[in-house]
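Visitor: need a structure here:
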Amino acid sequence: MNFTDEQLSRYSRNILLDGMGKEGQEKLLNAKVLVIGAGGLGSPVCMYLAAAGVGTIGIADNDEVDLSNLQRQIMHSTSKLGVSKVVSAQKTLADMNPDVNIITYKTMINADNINEIIRDYDFIVDACDNFPTKFLINDACVIAKKPFVHGGVVGYNGQLMTYIPNTDCPCYRCIFENVPKKDSVPHSSQVGILGANAGVIGSLQAFEVIKYIIGTGELMTGKMLTFDGLTMKFRTVEFKHKSPDCKVCSENAVIKDVAQNKTEYCD
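Guide: This next block holds a predicted model:
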């Protein structure tokens, strides 16, 4: 790839990195990443991927920018109140890096549309804020053999894990099994969330995406990273192998098609 002078300047700090160089930067520019959720997690994910030069970023979200979002959703601003989040995101990212092609999906991700939406992407980012969609993303990615990174935040705490297909690493459902019953787990709208907490986990998700694309470093596969912002402690819990009873990734999987298992993704 022949880089322009502007690209050599823009990505100079990337290119200097061991494990990156021009070859790694070219991989980023040719990569396609889908981010599901343009809120607290999706904001830092999208912004760091765009800044790094990921060539195509898809963003799926059905909401509009609300005043209560701005405490943590740094991709949006007061001037964009009432604007679709995907439109707001597209404007922010285009201003940040015109190299990047932004594809928007103003829709609620569901069992009927997820397969078509994820099909053309190299990597999927779970940046949503509800359990049914998290399980849906997991199951659709496992079935379609798409790598993805999960992130979750509430209060001062967060967690992260990465799934890579065709390996023995567990998926999200291996660890958590089933969608929790509605209101059984506190939501940030009930107990709050520190904006910087979403920034920490979202940044780590972007880190995982970049490492996967350029093929360097160690991914968070086979383990769950947890973060306690009050003590500034990270903890890694290992889950080295798939669950033999997993509904979606085990040899005895019962979920073969998310469109035929819609009740799995309902509160």
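Visitor: Run the chain-centre distance for the helix or strand encompassing Val86.
Guide: Here Val86, judged by DSSP states H and E, is contained in helix 85-96. Relative to its parent chain, helix 85-96 has a centroid offset of 17 Å by C-alpha atoms, centre = their mean, to the nearest Å.
Visitor: shaky segments in this protein?
Guide: The model of the chain has pLDDT under 70 over residues 183-189, 267.
Visitor: ok, which stretches of it are strands?
Guide: 32-36, 56-60, 101-105, 123-126, 148-154, 157-163, 223-228, 233-238 (DSSP state E).
Visitor: ok, now how distant is the closest residue to Phe234 other than its chain neighbours from Thr236?
Guide: Leaving out its chain neighbours, the residue that sits closest to Phe234 by C-beta to C-beta, 6 or more residues apart in numbering is Phe227, at 5.5 Å. Glycine gets a C-beta too; all of them are placed from N, C-alpha and C. Using C-beta to C-beta, to the nearest Å, Phe227 is found at 10 Å from Thr236.
Visitor: Neighbour count: those two, which is higher?
Guide: Phe227 (19 against 12; other C-beta atoms under 10 Å).
Visitor: That one bridge partners, please.
Guide: Taking DSSP bridges as the rule, Phe227 bridges to Gly158, Phe234.
Visitor: is it true that it touches Gln159?
Guide: Yes - using C-beta atoms under 8 Å, Phe227 makes contact with Gln159 at a distance of 7.0 Å.
Visitor: Pull up the overlap in contacts between the two.
Guide: Ile201 (C-beta atoms under 8 Å, 6 or more residues apart in numbering).
Visitor: quick one: the helices in the protein?
Guide: 5-10, 12-15, 21-30, 42-52, 85-96, 114-118, 131-144, 172-176, 188-191, 195-214 (DSSP state H).
Visitor: Could you dump these into JSON lines and include distance to Gly152?
Guide: Converted to JSON lines, these look like this (distance: least, C-beta to C-beta, whole Å):
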{"stretch": "helix 5-10", "distance to Gly152": "32"}
{"stretch": "helix 12-15", "distance to Gly152": "28"}
{"stretch": "helix 21-30", "distance to Gly152": "26"}
{"stretch": "helix 42-52", "distance to Gly152": "13"}
{"stretch": "helix 85-96", "distance to Gly152": "19"}
{"stretch": "helix 114-118", "distance to Gly152": "19"}
{"stretch": "helix 131-144", "distance to Gly152": "7"}
{"stretch": "helix 172-176", "distance to Gly152": "10"}
{"stretch": "helix 188-191", "distance to Gly152": "10"}
{"stretch": "helix 195-214", "distance to Gly152": "7"}
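Visitor: Buried deepest among these, which one?
Guide: helix 42-52 (a mean of 25; mean count of other C-beta atoms under 10 Å).
Visitor: State the distance from Arg67 to Lys80.
Guide: Small correction: residue 67 is Leu, not Arg. 11 Å.
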